[in-house]
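In: Next input, structure requested:
(one chain, ligands or ions: 2)
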Amino acid sequence: MAFVIVDTCVGVKDISCVAVCPVDCIITTDSDPFMLINPDECIDCGACMPECPVNAIFAEDDTPADQQQWIEINKAYVSLDKAAFNEKYGKVIEAAKEKNRGSAHANQALY
Ligand code: SF4
Ligand code: SF4
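Out: Residues are numbered from 1 along each chain as shown. Ligands and ions are numbered 1, 2, ... in the order given. The predicted structure is shown next:
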């Protein structure tokens, strides 16, 4: 099992979670408007979860039913190259970003 970041991070990406992760497994690239968790390195400590202002972090087994695809997306961010990841999940990411545009925590620099 690992922890999972879901759609509410997209367009927010305030990196509060990153500072508390003891194994540096919360990852991104400069060009991506989200963070995701490397499930191969996450040690399930749970330290990141309370840091998130938009409740985007869940233990895998507690991931809400409507967010289940994000378990796969977190895994794919590590296992696929960037082009393949964008091809497969680009529309999902873009939809999440648009959904979060009006969030009080949205980072307009990412839009
Ligand atoms: S549960 Fe712990 S190890 Fe896993 S991403 Fe969060 S802080 Fe890092
Ligand atoms: S704390 Fe939440 S919103 Fe901020 S980067 Fe981490 S998962 Fe994304």
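In: contacts and neighbour counts: CA atoms only from here.
Out: Fine.
In: Put the alpha carbons of stretch 8-25 into PDB.
Out: What follows is stretch 8-25 as a C-alpha-only set of coordinates in PDB (Å, rounded to 0.1, in the frame of the first residue of the first chain):
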ATOM      1  CA  THR A   8      -7.800  18.400  -5.700                       C
ATOM      2  CA  CYS A   9      -4.000  19.000  -5.800                       C
ATOM      3  CA  VAL A  10      -4.100  19.900  -9.500                       C
ATOM      4  CA  GLY A  11      -3.700  23.600  -9.900                       C
ATOM      5  CA  VAL A  12      -3.000  24.000  -6.200                       C
ATOM      6  CA  LYS A  13       0.400  22.300  -5.700                       C
ATOM      7  CA  ASP A  14       1.400  24.400  -2.700                       C
ATOM      8  CA  ILE A  15       4.000  21.800  -1.700                       C
ATOM      9  CA  SER A  16       3.100  21.800   2.000                       C
ATOM     10  CA  CYS A  17       3.300  18.000   2.000                       C
ATOM     11  CA  VAL A  18       6.800  17.800   0.500                       C
ATOM     12  CA  ALA A  19       8.600  19.300   3.500                       C
ATOM     13  CA  VAL A  20       7.300  16.600   5.900                       C
ATOM     14  CA  CYS A  21       7.900  13.500   3.800                       C
ATOM     15  CA  PRO A  22      10.800  11.600   5.300                       C
ATOM     16  CA  VAL A  23      11.700   9.700   2.100                       C
ATOM     17  CA  ASP A  24      11.200  12.500  -0.500                       C
ATOM     18  CA  CYS A  25       8.700  10.400  -2.500                       C
END
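In: now the end-to-end length of stretch 57-66.
Out: 14 Å (CA to CA, to the nearest Å).
In: What residues sit buried inside it?
Out: Across stretch 57-66, burial judged by 16 or more other CA atoms under 10 Å covers 57, 58, 59, 60, 63.
In: Return the list of helices and strands in contact with the top helix by length along the chain.
Out: Ranked by residue count and defined by DSSP state H, the top helix of the chain is helix 82-100. For helix 82-100, the packing partners by 3 or more CA pairs under 8 Å, 6 or more residues apart in numbering; DSSP states H and E come out as helix 69-79.
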